[in-house]
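K.L.:
okay, here's the prediction I keep looking at, along with the sequence it came from:
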Amino acid sequence: MNLTVLAASGRTGLALTREALRRGHSVTAIARDPGRIAVPDAPLLQKVARDVEDPASLDLAGSVVLSGLGTDRPGVLLAGAKAVVAAGPQRIIWLGAYGTGESASVAGEAAGVLTKLLGDRLGDKVEADATILAAGGTVFHAGLLTDGPESPARRTVPLADGPPLDFDAVISRATVAAAMLDEAETPRFAGKIALPLAD
(Lines give C-alpha, C1' and ligand atoms only; values in the text may rest on other atoms or scores of the structure.)
Protein backbone atom coordinates (compact mmCIF):
# COMPACT_ATOMS: atom_id res chain seq x y z
CA MET A 1 0.00 0.00 0.00
CA ASN A 2 1.22 3.53 -0.74
CA LEU A 3 1.11 5.59 2.44
CA THR A 4 1.95 9.23 3.05
CA VAL A 5 2.84 10.30 6.58
CA LEU A 6 2.40 13.99 7.44
CA ALA A 7 4.63 15.62 10.07
CA ALA A 8 6.93 12.61 9.81
CA SER A 9 9.70 14.31 11.82
CA GLY A 10 7.50 14.65 14.93
CA ARG A 11 7.24 11.94 17.57
CA THR A 12 3.87 10.66 16.36
CA GLY A 13 4.89 10.94 12.72
CA LEU A 14 8.02 8.92 13.44
CA ALA A 15 5.93 6.22 15.13
CA LEU A 16 3.61 6.13 12.10
CA THR A 17 6.52 5.92 9.67
CA ARG A 18 8.26 3.14 11.59
CA GLU A 19 5.06 1.09 11.94
CA ALA A 20 4.17 1.50 8.26
CA LEU A 21 7.63 0.33 7.19
CA ARG A 22 7.54 -2.54 9.67
CA ARG A 23 4.34 -3.72 7.99
CA GLY A 24 5.96 -3.58 4.56
CA HIS A 25 4.21 -0.51 3.12
CA SER A 26 5.71 2.02 0.72
CA VAL A 27 6.01 5.28 2.68
CA THR A 28 6.39 8.89 1.61
CA ALA A 29 7.39 10.71 4.78
CA ILE A 30 6.67 14.44 4.61
CA ALA A 31 8.27 17.12 6.78
CA ARG A 32 9.38 20.69 6.31
CA ASP A 33 12.91 19.45 6.97
CA PRO A 34 13.18 15.80 5.85
CA GLY A 35 16.65 15.64 7.42
CA ARG A 36 14.88 15.55 10.78
CA ILE A 37 12.99 12.33 9.95
CA ALA A 38 14.97 10.06 12.27
CA VAL A 39 14.24 6.80 10.48
CA PRO A 40 17.03 4.94 8.67
CA ASP A 41 16.88 5.05 4.88
CA ALA A 42 15.07 2.04 3.44
CA PRO A 43 14.03 0.90 -0.04
CA LEU A 44 10.34 1.56 0.70
CA LEU A 45 10.93 4.99 2.31
CA GLN A 46 11.02 8.34 0.54
CA LYS A 47 11.65 11.44 2.67
CA VAL A 48 10.40 14.66 1.08
CA ALA A 49 10.14 18.34 1.97
CA ARG A 50 6.61 19.69 1.66
CA ASP A 51 4.50 22.38 3.30
CA VAL A 52 1.26 20.80 4.47
CA GLU A 53 -0.43 24.20 4.32
CA ASP A 54 0.23 24.43 0.56
CA PRO A 55 -2.05 22.14 -1.49
CA ALA A 56 0.03 22.74 -4.61
CA SER A 57 3.08 21.17 -2.93
CA LEU A 58 1.23 17.97 -2.02
CA ASP A 59 0.94 15.05 -4.42
CA LEU A 60 -1.41 12.65 -2.64
CA ALA A 61 -3.38 11.05 -5.46
CA GLY A 62 -3.72 7.31 -4.87
CA SER A 63 -2.16 7.51 -1.43
CA VAL A 64 -3.58 6.78 2.00
CA VAL A 65 -2.61 9.72 4.24
CA LEU A 66 -1.73 9.26 7.90
CA SER A 67 -1.43 12.54 9.79
CA GLY A 68 0.59 13.11 12.92
CA LEU A 69 0.14 16.88 12.65
CA GLY A 70 0.02 18.88 15.82
CA THR A 71 0.57 22.56 16.36
CA ASP A 72 1.02 25.29 18.90
CA ARG A 73 -0.41 27.90 16.51
CA PRO A 74 -4.11 28.32 15.70
CA GLY A 75 -5.10 27.89 12.08
CA VAL A 76 -2.39 25.44 11.02
CA LEU A 77 -4.42 22.25 11.47
CA LEU A 78 -7.42 23.56 9.54
CA ALA A 79 -5.19 24.84 6.73
CA GLY A 80 -3.47 21.46 6.63
CA ALA A 81 -6.76 19.55 6.62
CA LYS A 82 -8.10 21.65 3.74
CA ALA A 83 -4.86 21.23 1.78
CA VAL A 84 -4.86 17.46 2.27
CA VAL A 85 -8.49 17.10 1.20
CA ALA A 86 -7.86 19.31 -1.85
CA ALA A 87 -4.89 17.13 -2.86
CA GLY A 88 -7.27 14.20 -3.43
CA PRO A 89 -5.82 11.24 -1.52
CA GLN A 90 -7.45 7.82 -1.57
CA ARG A 91 -8.18 8.02 2.17
CA ILE A 92 -7.24 10.19 5.16
CA ILE A 93 -6.55 8.99 8.69
CA TRP A 94 -6.12 11.99 10.96
CA LEU A 95 -5.01 12.33 14.58
CA GLY A 96 -7.15 14.49 16.83
CA ALA A 97 -7.49 14.93 20.58
CA TYR A 98 -9.92 13.07 22.83
CA GLY A 99 -12.18 15.49 24.65
CA THR A 100 -12.46 17.99 21.79
CA GLY A 101 -15.32 18.55 19.38
CA GLU A 102 -17.64 15.56 19.04
CA SER A 103 -15.77 13.58 21.70
CA ALA A 104 -16.16 16.23 24.43
CA SER A 105 -19.52 14.92 25.62
CA VAL A 106 -18.24 11.33 25.78
CA ALA A 107 -15.00 12.31 27.53
CA GLY A 108 -16.92 13.89 30.42
CA GLU A 109 -15.88 16.60 32.86
CA ALA A 110 -12.17 16.45 32.01
CA ALA A 111 -12.97 17.79 28.55
CA GLY A 112 -13.59 21.19 30.16
CA VAL A 113 -10.03 21.22 31.48
CA LEU A 114 -8.70 20.29 28.05
CA THR A 115 -10.72 23.13 26.51
CA LYS A 116 -8.96 25.60 28.82
CA LEU A 117 -5.53 24.12 28.09
CA LEU A 118 -5.97 24.34 24.33
CA GLY A 119 -7.34 27.88 24.42
CA ASP A 120 -7.45 29.49 20.97
CA ARG A 121 -6.19 26.26 19.33
CA LEU A 122 -9.39 24.37 20.18
CA GLY A 123 -11.47 25.78 17.33
CA ASP A 124 -8.70 24.91 14.87
CA LYS A 125 -8.66 21.27 16.04
CA VAL A 126 -12.43 20.96 15.89
CA GLU A 127 -12.71 22.49 12.42
CA ALA A 128 -9.83 20.39 11.07
CA ASP A 129 -11.51 17.21 12.36
CA ALA A 130 -14.82 18.25 10.79
CA THR A 131 -13.10 18.89 7.45
CA ILE A 132 -11.55 15.40 7.44
CA LEU A 133 -14.79 13.70 8.52
CA ALA A 134 -16.79 15.53 5.83
CA ALA A 135 -14.34 14.17 3.24
CA GLY A 136 -14.97 10.60 4.47
CA GLY A 137 -11.74 10.35 6.46
CA THR A 138 -11.24 8.74 9.85
CA VAL A 139 -10.27 10.84 12.85
CA PHE A 140 -8.58 9.15 15.79
CA HIS A 141 -9.19 10.92 19.08
CA ALA A 142 -6.36 9.86 21.38
CA GLY A 143 -5.85 10.69 25.02
CA LEU A 144 -2.57 11.96 26.44
CA LEU A 145 0.31 10.66 24.35
CA THR A 146 3.57 9.28 25.65
CA ASP A 147 6.57 7.46 24.27
CA GLY A 148 6.92 3.76 24.88
CA PRO A 149 6.07 0.41 23.33
CA GLU A 150 2.83 -0.63 21.69
CA SER A 151 0.30 -1.95 24.18
CA PRO A 152 -0.35 -5.68 23.72
CA ALA A 153 -3.92 -5.09 24.92
CA ARG A 154 -4.67 -2.29 22.48
CA ARG A 155 -8.03 -1.96 20.78
CA THR A 156 -9.99 0.60 18.80
CA VAL A 157 -13.57 1.46 19.66
CA PRO A 158 -16.23 3.74 18.19
CA LEU A 159 -16.74 7.10 19.86
CA ALA A 160 -19.94 5.97 21.60
CA ASP A 161 -17.94 3.35 23.53
CA GLY A 162 -15.33 5.77 24.82
CA PRO A 163 -14.44 5.93 28.52
CA PRO A 164 -14.31 9.19 30.46
CA LEU A 165 -11.13 11.14 29.76
CA ASP A 166 -8.57 10.39 32.47
CA PHE A 167 -5.49 12.60 32.60
CA ASP A 168 -3.65 9.89 34.55
CA ALA A 169 -4.17 7.36 31.75
CA VAL A 170 -1.76 7.72 28.85
CA ILE A 171 -1.43 5.95 25.53
CA SER A 172 1.82 5.44 23.66
CA ARG A 173 2.38 6.90 20.24
CA ALA A 174 3.33 3.39 19.10
CA THR A 175 -0.11 2.15 20.16
CA VAL A 176 -1.86 4.99 18.35
CA ALA A 177 0.29 4.44 15.24
CA ALA A 178 -0.61 0.73 15.20
CA ALA A 179 -4.32 1.57 15.48
CA MET A 180 -4.10 4.10 12.65
CA LEU A 181 -2.26 1.57 10.44
CA ASP A 182 -4.95 -1.02 11.20
CA GLU A 183 -7.50 1.47 9.88
CA ALA A 184 -5.41 2.08 6.76
CA GLU A 185 -5.25 -1.64 6.04
CA THR A 186 -8.80 -2.58 7.03
CA PRO A 187 -11.15 0.44 7.13
CA ARG A 188 -13.77 0.28 9.86
CA PHE A 189 -14.41 3.92 10.71
CA ALA A 190 -14.68 5.85 7.44
CA GLY A 191 -16.26 9.26 8.07
CA LYS A 192 -16.19 8.63 11.84
CA ILE A 193 -14.22 9.26 15.00
CA ALA A 194 -12.44 6.26 16.46
CA LEU A 195 -10.73 5.91 19.83
CA PRO A 196 -7.48 3.99 20.26
CA LEU A 197 -7.28 2.44 23.73
CA ALA A 198 -4.31 0.85 25.44
CA ASP A 199 -6.33 -1.69 27.45
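P.N.:
The structure has been received and is ready for your questions.

K.L.:
from here on, just use CA atoms for contacts and neighbour counts.
P.N.:
Noted.

K.L.:
gap between the lowest-mean-pLDDT helix or strand in the chain and the chain center?
P.N.:
Averaged element by element with mean pLDDT, DSSP states H and E, the chain has its least confident helix or strand at helix 110-118 (a mean of 76). With CA atoms, centre = their mean, to the nearest Å as the basis, helix 110-118 stands 20 Å off its chain's centre.

K.L.:
after it, which helix or strand is next?
P.N.:
Per DSSP states H and E, the first helix or strand lying C-terminal to helix 110-118 is helix 122-134.

K.L.:
now do the buried residues in that following helix.
P.N.:
L122, G123, D124, K125, V126, E127, A128, D129, A130, T131, I132, L133 (16 or more other CA atoms under 10 Å).

K.L.:
can you check the pLDDT for the last one?
P.N.:
Here, the pLDDT recorded for L133 equals 98.

K.L.:
okay, and the closest residue to it other than its chain neighbours sits in which element?
P.N.:
Once flanking residues are discounted, L133 sits nearest to G191: 4.7 Å by CA to CA, 6 or more residues apart in numbering. For G191, there is no host helix or strand (DSSP H and E).

K.L.:
look up how far F167 lies from G191.
P.N.:
27 Å (CA to CA, to the nearest Å).

K.L.:
these two: who's more crowded?
P.N.:
G191 (17 against 12; other CA atoms under 10 Å).

K.L.:
show the model's pLDDT score for that one.
P.N.:
G191 is given a pLDDT of 98.

K.L.:
residues near E185, how many?
P.N.:
11.

K.L.:
hmm, I typed the wrong one, I wanted G148.
P.N.:
11.

K.L.:
residues touching it, list them.
P.N.:
For G148, the contact set (CA atoms under 8 Å, 6 or more residues apart in numbering) comprises S172, R173, A174.

K.L.:
and it, what pLDDT?
P.N.:
94.

K.L.:
and it, helix, strand or coil?
P.N.:
With DSSP: H, G, I helix; E, B strand; the rest coil as the basis, G148 sits in coil.

K.L.:
now it: how far from A7?
P.N.:
G148 is 19 Å from A7, by CA to CA.

K.L.:
re earlier: can you tell me which of the contacts of G148 has the most neighbours?
P.N.:
R173 (25 neighbours).

K.L.:
from what I can see it touches G143, true?
P.N.:
No: with contact defined as CA atoms under 8 Å, R173 does not reach G143; the gap is 10.2 Å.

K.L.:
and for these two, which residues touch both?
P.N.:
Joint contacts of R173 and G143 (CA under 8 Å, 6+ apart) do not exist.

K.L.:
give me the neighbour count for A49.
P.N.:
A49: 14 neighbours (other CA under 10 Å).

K.L.:
quick revisit: from the contacts of G148, which land in helices?
P.N.:
Using DSSP state H, R173, A174 are the members of these that sit in helices.

K.L.:
in a markdown table: the contacts of G148, plus distance to P43 and pLDDT.
P.N.:
Putting the contacts of G148 into a markdown table (distance: CA to CA, whole Å; pLDDT from 0 to 100) gives the following:
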| residue | distance to P43 | pLDDT |
| --- | --- | --- |
| S172 | 27 | 97 |
| R173 | 24 | 97 |
| A174 | 22 | 98 |
